[in-house]
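>>> Quick one: sequence and predicted model below, then my questions.
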Amino acid sequence: MVGIRWVLGQIILVLDFVTSPKPVVRDAAAQKAIDDVTASMSIYQFNTCPFCVKVRRQLRRHSLNIELRDAKNDAELKAELVREGGRHKVPCLRIEKANNSVQWLYESNDIIAYLKNQFDLA
Ligand SMILES: N[C@@H](CCC(=O)N[C@@H](CS)C(=O)NCC(=O)O)C(=O)O
């Protein structure tokens, strides 16, 4: 079972690599404005999780530079996700607000919708 999961994970990574979306290119000021906002975000994820790959492809397509945190292999990050987010489920977008409160957003579709809405993306 672990072996099959590993093989499927590798297939997902290869397919993702060969069909990788082309990143949008913005002028420096527009990209910096977005980078300033995404600096307060991070995504807890697994490398071979298909839902995480879906979110990562959107990040790449829209040139959103959001820190990726490995919640599978890093025990501290995994514990943090469960303790503060409430569930060991990925992907999860962590958003630090201006007032220092933190929002934990689960569900790949909800994460993508939030980012599209936040940055007015097509
Ligand atoms: N509906 C969720 C599904 C996410 C999901 O099933 N993630 C799996 C990894 S692919 C997970 O977090 N499993 C929990 C675990 O392995 O502990 C989404 O679209 O984000």
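Nice, thanks for sending it over.

>>> lowest confidence element among the helices and strands of this protein?
helix 2-18 (a mean of 95; mean pLDDT, DSSP states H and E).

>>> what about that helix and the ligand, touching?
No. Residues of helix 2-18 contacting the ligand under CB under 6 Å from any ligand atom: none, with a closest distance of 9.6 Å. Just so you know, the C-beta spots here come from the backbone N, C-alpha and C atoms, and that holds for glycine as well.

>>> buried ones in stretch 101-113?
Within stretch 101-113, the residues that count as buried by 16 or more other CB atoms under 10 Å are Leu105, Tyr106, Ser108, Ile111, Ile112.

>>> doesn't Lys54 make contact with the third one?
Yes. Using CB atoms under 8 Å, Ser108 is in contact with Lys54, at 5.2 Å.

>>> Please report phi then psi for the residue positioned nearest the centre of the chain.
Central residue of the chain (CA atoms, centre = their mean): Ile43, 4.1 Å from the mean position. Note on Ile43: backbone dihedrals following degrees, to the nearest 10 are phi -120, psi 120.

>>> Could you pull out the strands in this protein for me?
41-45, 67-70, 92-96, 102-106 (DSSP state E).
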